[in-house]
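Student: With the sequence up front, the predicted model follows.
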Amino acid sequence: MLPDVENHPGSPRHDGQMNPVATTSSAAADSWLRNYGSAWEQASPQAARKLFTEDCRYFETPFSKPAIGRDGVARYWQAVPDSQTDVAFSHEVLAIQGQTVIAHWSASFTRVPSGNRVKLDGVFVLEFTDAGLCSSLREWWHREETPST
């Protein structure tokens, strides 16, 4: 049996109109990304965990097992204060479709203890709830690492 989609957001109603679709605003997406960057720059797993739902899925790469839930995000992020200093993060929202946001991001940091300088360039696909929390983060990124002199 097919699911009843008559009242599903974005589906047509009997009167020919469309059911409303919840949409994440550009300002909300930008604010969330600024907070994400700030959590990274401040090396704060606790600030990062607050950006996600209790049951979120955080995929560092398409092939990795996700960090699950806020506690999983905090555990994943614990590597930041342990291995990175001088973090800088920037972002640009590329597209928004309903509750899905696609953003380009870049970051740089100094790796501890080697002192190597690392540059990252990546893309997020983020899914948000009506409350503005991220329920799914998928990312693709590349790294350039320069040995310390």
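Tutor: Noted; the coordinates are in hand. Numbering: from 1, shown residues only.
Student: burial count for Leu133?
Tutor: Using other CB atoms under 10 Å, Leu133 has 16 other residues around it. Yep, even glycine has a C-beta here, placed from its N, CA and C like the rest.
Student: Let me fix that, I meant to ask about Glu145.
Tutor: If you count neighbours by other CB under 10 Å, Glu145 ends up with 11.
Student: Okay, it and Lys65: tell me how far apart.
Tutor: Using CB to CB, to the nearest Å, we find Glu145 at a distance of 24 Å from Lys65.
Student: what's the weakest-modelled helix or strand in this protein?
Tutor: Lowest on mean pLDDT, DSSP states H and E among the helices and strands of the chain sits helix 79-83, with a mean of 89.
Student: Can you list the buried residues in that helix?
Tutor: Using 16 or more other CB atoms under 10 Å as the test for burial, helix 79-83 gives Val80.
Student: Report the distance from that helix to the chain centre.
Tutor: With CA atoms, centre = their mean, to the nearest Å as the basis, helix 79-83 stands 18 Å off its chain's centre.
Student: Please name every helix or strand in contact with the helix or strand that it is followed by.
Tutor: As assigned by DSSP states H and E, the chain's next helix or strand after helix 79-83 is strand 84-97. Here strand 84-97 touches helix 26-41, strand 100-111, going by 3 or more CB pairs under 8 Å, 6 or more residues apart in numbering; DSSP states H and E.
Student: Repeat the analysis, applying 10 Å as the threshold.
Tutor: helix 26-41, strand 100-111, strand 117-128 (3 or more CB pairs under 10 Å, 6 or more residues apart in numbering; DSSP states H and E).
Student: how about CSV for those, with mean neighbour count and mean pLDDT added?
Tutor: Shown next, in CSV, are the helices and strands packed on strand 84-97 (neighbours: other CB atoms under 10 Å; pLDDT from 0 to 100):
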stretch, mean neighbour count, mean pLDDT
helix 26-41, 17, 97
strand 100-111, 18, 98
strand 117-128, 17, 98
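Student: so can I have CSV of these showing distance to Ala48?
Tutor: Putting those into CSV (distance: least, CB to CB, whole Å) gives the following:
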stretch, distance to Ala48
helix 26-41, 4
strand 100-111, 13
strand 117-128, 13
